[in-house]
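Colleague: please find the sequence and the predicted model below.
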Amino acid sequence: MRNFTALPRGARILIVRLSAIGDVLHATTVVHNLRRLAPDVHITWLASPPASTLLEGNPDIDRLLLFDRRPIDAASARLALGTCWRELRKAKALLAPYAFDIALDLQGLFLTGVLTRLSGAPRRIGIHERHEGNPLFMTEMAPDIASPHKVRRYYTALAPLGFPQETLVPGPVLALPAALSGFAAQFWAAHGIDAARPILMVCVRTTWEDKNWPPARFGAALRALPEDVQIVFAGARGDIPFIEEAQAALGDAHASLSIAGETSLPELAALLKSAALLLTGDTGPLYIAEAVGTPTLSLWGPTSPAIYGPLTPGHLFVESPYPCRACCRTRCKKKSNACMAAIAPADVADKLRRFFEAPAARP
């Protein structure tokens, strides 16, 4: 029985989480629990492309509003204040037709604070994350917690509404469009992949340079895979040179396919859903795989699975043994990327071998 006295029935709630892919999917867990526990509320989400494509069709969201943050980010970098002002006016016009009772800022930036204020919501709740002046735009801040995990910290935004941490049920939500129901089978057939045999998808690049494992090490780790495992490299077009380096290191030990740049995010999600496993660093496809129920093996250096990793079962991690791992710096202070380099291909290969030798890995 519902007893969230701080949340009026039928409340109109705005979620502000513009990007990035992994964080947006983390935040879907918050919205899913909000919908689960208070099904009468009306939920609007303000998001930015391309991450917004992963929210289309989400059953927990009543309305999806798109604000492309890329122009204002570019303008801010060059101090083009006139352009920033015009972009914010666009955002205000986008939000103006709607009335909100509560706005939850799950990103904690100065920009998202401004957008939350522009929503006109009388109650605006922020979280203890980046700040960057964000609290100036909030009417209240969620309580801080000891857990470092992003999902649990995002969930604190619901605490002032009466949702304690123990009501959280982990698990991101990603609804694949009906139009993609047969996409994976057709795509694999067109690329010579046998859907009846195990498919290992591999992402060799992340958005942070220092979260990247050397491509040649991916190739080395993949050499000892069972013969029937099909290796498919995924990524953006810009990842192609790094994928080719990994394939060169793999050599003739195992055939592989690159589909870099060939899919949208929803299409990638459909392919991941049909895969046996995803091997990746800490990057968006990791969380897409979690959301569609695909097991993952992820590699961690400057970031930590205790902060960002999947909370749902079925996921394997290889953490760097380097002493200063999990620094969460976008650039290594030693300029060596030593923590990722400390991950041995043999350790990754061993986990891959154990996974594919298990009966559950067979189609």
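Modeller: Thanks, I have it.
Colleague: let me see the contact set for the closest residue to residue 156 other than its chain neighbours.
Modeller: In space, not counting the residues next to it along the chain, residue 156 is nearest to residue 142; the distance is 4.0 Å by C-beta to C-beta, 6 or more residues apart in numbering. C-betas here are computed from N, CA, C, even on glycine. Residues near residue 142 by C-beta atoms under 8 Å, 6 or more residues apart in numbering: 125-128, 156-160.
Colleague: and which of the residues you listed is nearest residue 102?
Modeller: Nearest to residue 102 out of those is residue 125 (C-beta to C-beta; 6.9 Å).
Colleague: how close does the closest one sit to residue 202?
Modeller: Plainly put, residue 125 is 39 Å away from residue 202 if you go by C-beta to C-beta, to the nearest Å.
Colleague: can you list the domains in this protein?
Modeller: 12-167, 178-361 (automatic domain parsing).
Colleague: dump those domains to JSON lines, plus mean pLDDT and distance to residue 6.
Modeller: Shown next, in JSON lines, are the domains of the chain (pLDDT from 0 to 100; distance: least, C-beta to C-beta, whole Å):
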{"stretch": "domain 12-167", "mean pLDDT": "96", "distance to residue 6": "4"}
{"stretch": "domain 178-361", "mean pLDDT": "94", "distance to residue 6": "25"}
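Colleague: neighbouring contacts of stretch 229-244?
Modeller: By C-beta under 8 Å, 6+ apart, stretch 229-244 touches 193-194, 197-205, 212, 215, 222, 225, 246-247, 250, 254-261, 263, 268, 271, 275-276, 285, 356.
Colleague: my read: residue 276 touches residue 296, true?
Modeller: No: judged on C-beta atoms under 8 Å, residue 276 makes no contact with residue 296 at a distance of 10.8 Å.
Colleague: looking at these two, which is more packed in?
Modeller: residue 296 (24 against 19; other C-beta atoms under 10 Å).
Colleague: now the more buried one: how far from residue 317?
Modeller: 9 Å.
Colleague: for residue 48, same thing?
Modeller: 29 Å.
Colleague: mind listing what residue 11 touches?
Modeller: 38, 41-42, 101-102.
Colleague: pLDDT at it, what is it?
Modeller: You'll see residue 11 listed with a pLDDT of 97.
Colleague: can you give me the strands for the stretch 51-200 of the chain?
Modeller: With strands called from DSSP state E, counting those that start in this stretch, the stretch 51-200 of the chain shows them at 63-66, 102-105, 123-126, 140-141, 199-203.
Colleague: make TSV from those strands and add distance to residue 304 and mean neighbour count to it.
Modeller: Formatted as TSV, these follow (distance: least, C-beta to C-beta, whole Å; neighbours: other C-beta atoms under 10 Å):
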stretch	distance to residue 304	mean neighbour count
strand 63-66	31	16
strand 102-105	24	28
strand 123-126	24	22
strand 140-141	24	14
strand 199-203	19	25
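Colleague: for residue 185, which of those is the nearest?
Modeller: strand 199-203 (11.8 Å).
Colleague: and the helix or strand just after the closest one, how far from the chain's centre?
Modeller: Counting by DSSP states H and E, the next helix or strand C-terminal to strand 199-203 is helix 215-222. When C-alpha coordinates are averaged (C-alpha atoms, centre = their mean, to the nearest Å), helix 215-222 and its chain have centres 24 Å apart.
Colleague: continuing past helix 215-222, what's the next helix or strand?
Modeller: strand 230-234.
Colleague: burial count for residue 166?
Modeller: So residue 166, with other C-beta under 10 Å, has 5 neighbours.
Colleague: now the two most distant members of the contacts of residue 142.
Modeller: Across those, the two lying at the largest distance from each other (C-beta to C-beta) are 128 and 158, at 13.8 Å.
Colleague: of the two, who's got more company?
Modeller: It is residue 158, of residue 128 and residue 158, that has more neighbours when counted by other C-beta under 10 Å, with 26 against 16.
Colleague: which residues sit in contact with the more buried one?
Modeller: Residue 158 touches 30, 33-34, 104, 142, counting by C-beta under 8 Å, 6+ apart.
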